[in-house]
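Enquirer: The amino acid sequence is not available; the structure is as follows:
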């Protein structure tokens, strides 16, 4: 590492960071401008008439997303019934805007998914679709795939339907706004049932033996001085909202398996040796996973605010591995389950941002309404696992590379300072540590400690261009 042994001014660090992030895009081959023919197709599709569809604009749909979002894939309308709940979940009708085998289709297959970086989003679709005609923005007439669920009070689904329809969202809520409205009792009728529905679905997940691993988010934020890093614990409403997406994905998998064609998001159960190793790790950390307690129940009971819990969650992630996509046309996959959910599952709720969802939606709509699955979708299904694996790898490298560079920039002015830290994990060559403040993670040499140990470290140097940081242990006492 090219060590920086002197403090760097905030403005100089941010300038160097901008160059490093731009270089990272080039290094990874991140897509740039849209080809002219694909851009023209997007413009033409966004201006096309919406066509004749069932009119569901009387339902007061709403969206809940991070503040400032413009690519809105999902909108909801919730209601309490005598039997339990009714959920309408609208998903942006992206297939309407993308002609099979056209220039836009070709380019979206090359991109695979929207990529996120501190210096800007790299969208799957041109903005005229992803932030315009295809986005479920408030006050706009939009095409959507509308899923309707009837649920008992305990969360059991008793009826499901899917139709393409015209919808109109009434309001775009941020997570903070929606959480506040629920907490103070001012949420509108279409939003107010979300806590009860979300908690019921979480209870259903627990009963299946599932375990959503909702870890605190390490986020890059923009401050008056440039980029920074924060650790944020998700709000309860984010978990409840996610349960609606999971409900829809499980319903999609059920439809596909019943129809004998589709693509599932799968993940095999952890093998016995991995489970035993994780159980031993929890004991070493002083947070033992008791025999007879379900894995998901154990994770849900952890206090995310404890430093040692960060190490447990880091270890738990080792059990959530080997996720992939399984295509089938005839016999179902031998292993159709997404182990973290303890159920078959498919991606269908983020078509503006994830390529595979476009196929899932058109296949489910055809099967649910008794129509033939479109030939283009059926024929091209086998291509999707490779596309999604390749672009997911790119997304992961961009995420980690950008975060490393931002963290190095955040600490560049603090060379020589000491920090409290907790050990997250250790292997033969590196130790993974988490600073208490700022919430920076780093893989370091020369520091030894068991996961969960707290220690004191000194920052020796940073290299913003590569995202490397060097720390040394500090003797305490």
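Expert: Structure's in. What do you need? Keep in mind that what you see is a predicted model, and the values were worked out from it rather than measured. Numbers count the residues shown, from 1 in each chain.
Enquirer: and residue 399, what helix or strand is that in?
Expert: Take DSSP states H and E as the rule and residue 399 turns out to sit in helix 384-411.
Enquirer: quick one: whichever helix or strand comes after that helix to chain centroid distance?
Expert: Per DSSP H and E, the first helix or strand lying C-terminal to helix 384-411 is strand 418-426. Counting by C-alpha atoms, centre = their mean, to the nearest Å, strand 418-426 is centred 26 Å from the centre of its parent chain.
Enquirer: Check stretch 369-382 too.
Expert: Using C-alpha atoms, centre = their mean, the offset of stretch 369-382 from its chain centre is 27 Å.
Enquirer: Any buried residues in that stretch, and which?
Expert: Going by neighbour count (16 or more other C-beta atoms under 10 Å), the buried part of stretch 369-382 is 373-374, 377-378, 380-381. C-beta here means a position set from N, CA and C on the backbone, and glycine is covered the same way.
Enquirer: Now tabulate the residues you listed in CSV and tack on distance to residue 118 and pLDDT.
Expert: As requested, the buried residues of stretch 369-382 are arranged in CSV below (distance: C-beta to C-beta, whole Å; pLDDT from 0 to 100):
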residue, distance to residue 118, pLDDT
373, 40, 98
374, 38, 97
377, 35, 97
378, 39, 97
380, 34, 97
381, 35, 97
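Enquirer: so what are the domain limits for the protein?
Expert: 31-268+322-373, 272-317 (automatic domain parsing).
Enquirer: Can you name the next helix or strand after the longest strand seen in the chain?
Expert: The longest strand of the chain (DSSP state E) is strand 157-174. Counting by DSSP H and E, the next helix or strand C-terminal to strand 157-174 is helix 175-184.
Enquirer: Which neighbouring elements make contact with that next one?
Expert: strand 61-65, helix 194-208, helix 236-259 (3 or more C-beta pairs under 8 Å, 6 or more residues apart in numbering; DSSP states H and E).
Enquirer: Assign residue 447 to helix, strand or coil.
Expert: coil (DSSP: H, G, I helix; E, B strand; the rest coil).
Enquirer: Pretty sure it sits against residue 433.
Expert: Yes - in this structure, residue 447 is within contact of residue 433 by C-beta atoms under 8 Å, at 6.7 Å.
Enquirer: In terms of neighbours, single out the busier of the two.
Expert: More crowded of residue 447 and residue 433, by other C-beta atoms under 10 Å: residue 433, with 25 against 20.
Enquirer: Check which helix or strand residue 466 maps to.
Expert: Counting by DSSP H and E, residue 466 is part of no helix or strand.
Enquirer: Tabulate the helices and strands packed on helix 175-184 in a markdown table, adding columns for distance to residue 385.
Expert: Output for the helices and strands packed on helix 175-184, formatted as a markdown table (distance: least, C-beta to C-beta, whole Å):
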| stretch | distance to residue 385 |
| --- | --- |
| strand 61-65 | 28 |
| helix 194-208 | 25 |
| helix 236-259 | 15 |
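Enquirer: so where's this protein shaky on pLDDT?
Expert: 1-10, 212-218, 225, 231, 305, 307, 476-477 (pLDDT under 70).
Enquirer: Check the offset of stretch 375-384 from the chain's centre.
Expert: Mean C-alpha position of stretch 375-384 versus that of the full chain (C-alpha atoms, centre = their mean) differs by 24 Å.
Enquirer: Ok, stretch 304-314 next?
Expert: With C-alpha atoms, centre = their mean, you get 20 Å for stretch 304-314.
Enquirer: May I see the buried residues of it?
Expert: 307-314.
Enquirer: Contacts for that stretch next, please.
Expert: 213, 215-216, 233, 281-282, 285-287, 299, 302-303, 422-425, 432, 434, 436, 451-452, 454 (C-beta atoms under 8 Å, 6 or more residues apart in numbering).
Enquirer: Can I have the buried ones of those residues as a ChimeraX selection?
Expert: The ChimeraX selection below is limited to those of those classed as buried (16+ other C-beta under 10 Å):
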select :215,216,281,282,285,287,299,302,422,423,424,425,432,434,451,452
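Enquirer: Which of the contacts of stretch 304-314 fall in strands?
Expert: Residues of the contacts of stretch 304-314 located in strands (DSSP E): 422-425, 432, 434, 454.
Enquirer: just to revisit the earlier point, please point out which parts of the longest strand of the chain sit buried.
Expert: Applying 16+ other C-beta under 10 Å to strand 157-174 flags 157, 160, 162, 164-173 as buried.
Enquirer: Over to stretch 428-448?
Expert: Under 16+ other C-beta under 10 Å, the buried positions of stretch 428-448 are 431-435, 439-444, 447.
Enquirer: Could you save those residues as a markdown table and add columns showing distance to residue 108?
Expert: What follows is the buried residues of stretch 428-448, written out as a markdown table (distance: C-beta to C-beta, whole Å):
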| residue | distance to residue 108 |
| --- | --- |
| 431 | 41 |
| 432 | 35 |
| 433 | 39 |
| 434 | 37 |
| 435 | 39 |
| 439 | 35 |
| 440 | 35 |
| 441 | 33 |
| 442 | 36 |
| 443 | 34 |
| 444 | 40 |
| 447 | 44 |
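Enquirer: For my notes, confirm residue 52 occurs in a helix.
Expert: No - using three-state DSSP, the assignment for residue 52 is coil, not a helix.
Enquirer: Tell me how far residue 153 lies from residue 193.
Expert: Going from residue 153 to residue 193 by C-beta to C-beta, to the nearest Å gives 11 Å.
Enquirer: okay, and the common contacts of those two?
Expert: In contact with both residue 153 and residue 193: residue 85, using C-beta under 8 Å, 6+ apart.
Enquirer: The two: which is more packed in?
Expert: residue 193 (23 against 14).
Enquirer: Without its sequence neighbours, what residue ends up closest to that one?
Expert: residue 78 (4.4 Å; C-beta to C-beta, 6 or more residues apart in numbering).
Enquirer: right, and that neighbour touches residue 196 too?
Expert: No - at 9.1 Å, residue 78 does not count as touching residue 196 under the criterion of C-beta under 8 Å.
Enquirer: Tell me who's in contact with the nearest residue to residue 449 once chain neighbours are set aside.
Expert: Leaving aside its sequence neighbours, residue 449 sits nearest to residue 423 (C-beta to C-beta, 6+ apart; 4.0 Å). By C-beta under 8 Å, 6+ apart, residue 423 lies in contact with 311, 431-433, 447, 449-455.
Enquirer: could you redo the last one with a cut-off of 6 Å?
Expert: By C-beta atoms under 6 Å, 6 or more residues apart in numbering, the contact set of residue 423 is 433, 449, 451, 453.
Enquirer: repeat for residue 107
Expert: By C-beta under 6 Å, 6+ apart, the contact list for residue 107 reads 35, 38.
Enquirer: Looks to me like it is in a strand.
Expert: No - per three-state DSSP, residue 107 lies outside any strand segment and is helix.
Enquirer: From residue 128, how far off is it?
Expert: 14 Å.
Enquirer: before we move on, back to that, tabulate the buried residues of strand 157-174 (CSV), appending distance to residue 338.
Expert: Shown next, in CSV, are these (distance: C-beta to C-beta, whole Å):
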residue, distance to residue 338
157, 17
160, 18
162, 20
164, 26
165, 28
166, 32
167, 28
168, 33
169, 29
170, 33
171, 32
172, 30
173, 28
